[in-house]
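Asks: No sequence on hand, only this structure:
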C-alpha cells in the first residue's frame, strides 16, 4: 500500500518529482541558464568584433612608419608636421578616417572611412598616408575615375 493510499500527504521530493509550481525548472537552474546564455552571447559578440576588428591601420609620415594602431580600439592620433602642418587621424567603431588636415584641397579628409585590407588615405601636401592591413578584403580590385 502506498503512502497516498494510507492518507499521508504526497511529498514529491521523496520520489524525485517536483511540485507543480516548479514543473519546468527550479529558480536556481533558470538563473544559471540565463547567465550561461548571456555569457555565451557576450563571447559571441567579442569574437565577432575581434574578427572584424583584427584589422590595423599603419600611418606613415614622409615614408617612415609613424605607428600601427588596431581598428578595434577607438583613438585620435594627431600628427604634427613641418611648417605647422597637422593631420588628425581618428579610429572609431572599426574604421579609420582623416578627421582634419591643414592641406589646401582636403582630399584626404573627403576620402571618408576605411576598414578593409588594402584601402588607404593619402595626404600628399602633408606627406601622411594611412593603410589598412589585416581586415577583410575590399569589394573591388581597383578604382578609377
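Replies: Perfect, thanks for sending it. Since this is a predicted model, take the numbers as computed values, not measurements.

Asks: I'd guessed residue 92 sits against residue 74; true?
Replies: Yes. Applying C-beta atoms under 8 Å, one finds residue 92 in contact with residue 74, separated by 5.0 Å. (C-beta placed from N, C-alpha, C; glycine too.)

Asks: Neighbour count: the two, which is higher?
Replies: residue 92 (14 against 11; other C-beta atoms under 10 Å).

Asks: mind listing what's buried in stretch 66-82?
Replies: Within stretch 66-82, the residues that qualify as buried are 66, 69, 71-72, 77, 79, 81, counting by 16 or more other C-beta atoms under 10 Å.

Asks: from those residues, which two are the most distant?
Replies: Maximum pairwise distance among the buried residues of stretch 66-82 (C-beta to C-beta): 27.2 Å, between 72 and 81.

Asks: which residues of this structure fall in helices?
Replies: 27-52, 107-110 (DSSP state H).

Asks: Of the ones you listed, which is nearest residue 132?
Replies: Among the helices of the chain, helix 27-52 sits nearest to residue 132 (C-beta to C-beta), with 12.3 Å.
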